[in-house]
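# Generate coordinates for the sequence data below:
(one chain, ligands or ions: 1)
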Amino acid sequence: MNLNDAIKTRHSVKKFTEKKPDWRDIIECIDAARYAPMAGANYSMKFILVSDSNSINKIAEAAQQDFIKKAQYVVVACSNPSRTINAYGKSGEVYARQQAGAAMQNFLLSITEHKLATCWIGHFTEETIKKEFDIPKDVNVEAVFPIGYEKEKKHTKKSPIDLDRILYFHVYDKKKMKKLSKPY
Ligand SMILES: Cc1cc2nc3c(=O)[nH]c(=O)nc-3n(C[C@H](O)[C@H](O)[C@H](O)COP(=O)(O)O)c2cc1C
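Alright, predicted model coming up:
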C-alpha cells in the first residue's frame, strides 16, 4: 500500500471479527512509531502490548467503552517526558505530547497497511490504566488502541474537512493567495 492510500483509507473501527491478529504484525506497527520525529532525538514513547482478556476488560471499563472487550489485543501507548523536559523545560512537556501524536499516527498508518483495524481511544481513567500495568507516576498514558480485523468491511470513509476550511495564505484567516510566480 502506498502512503497516500494509507493516509486516505485509515479509519476508526469498533467492530472486530473473531480472527486473532498475528502479534508480530502489531510489533511491526509499533516499530513504525520509532521513525517519528522526536525533539532533540529524545525518544519518549513506550508501548505495552496487552493480550490477557482480564486486562483488556479492565481497559474497556477504564474507558467506559464496551467494544474494547472484543479486541484480542490492546496497545497502550505511553510517553515518558522526563528526558524531553530535562532538555527543554516547560516546552518539553508540549514537545512530548506532540511527538506522541506523531508516533501514534505512524503506528495507525502501519496498522492500515497491515490491514488491521483499530480506534484511537483517548477517553479513559488514566489512574486505573496506570495501576493495572504498573505504569510509573511521571509517565503519561497517551491513548489505548484495541486491535483486530474489521468486521463490517462496507465502511466508506466520511469526507474529511474541506481544505478551504483549514488553509490560509500569508496570514491567519486570509483566504486568497497572492499571485505567485510560475513554478519553473
Ligand atoms: C485524541 C483522540 C481521542 C479519541 N478518543 C476516542 C474515544 O475515546 N473513543 C472513540 O470511540 N473514538 C475516539 N477517537 C476516534 C475519533 O472519534 C475518530 O478518529 C473520528 O471520529 C474520525 O474518524 P476516523 O478515525 O474514522 O477518521 C479519538 C481520536 C483522537 C484523535
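# report the longest helix in this protein, please.
Longest helix in the chain by number of residues (criterion: DSSP state H): helix 90-113.
# show me what contacts E132?
Taking C-beta atoms under 8 Å, 6 or more residues apart in numbering, we find E132 in contact with S55, K58, I59, A62. Where you see a C-beta, it was placed from the backbone N, CA and C, and this is true even at glycine.
# Swap in 7 Å and give it another go.
Contacts for E132 (C-beta atoms under 7 Å, 6 or more residues apart in numbering) come out as S55, K58.
# Ok, F107 next?
Neighbours of F107 in contact, by C-beta under 7 Å, 6+ apart: C29, I30, A32, A33.
# Out of the residues you listed, which sit inside helices?
Short answer: these in helices (DSSP H) are C29, I30, A32, A33.
# In stretch 7-22, which residues are buried?
Neighbour-count burial for stretch 7-22 flags R10, V13, K14, F16, P21 (criterion: 16 or more other C-beta atoms under 10 Å).
# sorry, back to before: could you identify which of the contacts of F107 has the most neighbours?
Within the contacts of F107, C29 tops the neighbour count with 24 neighbours, counted by other C-beta atoms under 10 Å.
# Tell me how many other residues surround the residue lying closest to it once chain neighbours are set aside.
Take C29 and drop its neighbours on the chain: the residue closest to it by C-beta to C-beta, 6 or more residues apart in numbering is S110, 4.0 Å away. S110 has 21 neighbours, counted by other C-beta under 10 Å.
# Can you tell me how far S110 is from R10?
10 Å (C-beta to C-beta, to the nearest Å).
# my guess is G40 meets I85, correct?
No - G40 is beyond contact range of I85, at 11.1 Å (criterion: C-beta atoms under 7 Å).
# more crowded one of these two?
I85 (19 against 12).
# do you know how far that one is from K46?
In terms of C-beta to C-beta, I85 sits 16 Å off from K46.
# picking that back up, who are the packing partners of the following helix or strand past the longest helix of the chain?
Beyond helix 90-113 on the C-terminal side, the first helix or strand identified by DSSP states H and E is strand 117-118. On a contact count with 3 or more C-beta pairs under 7 Å, 6 or more residues apart in numbering; DSSP states H and E, strand 117-118 meets strand 140-148.
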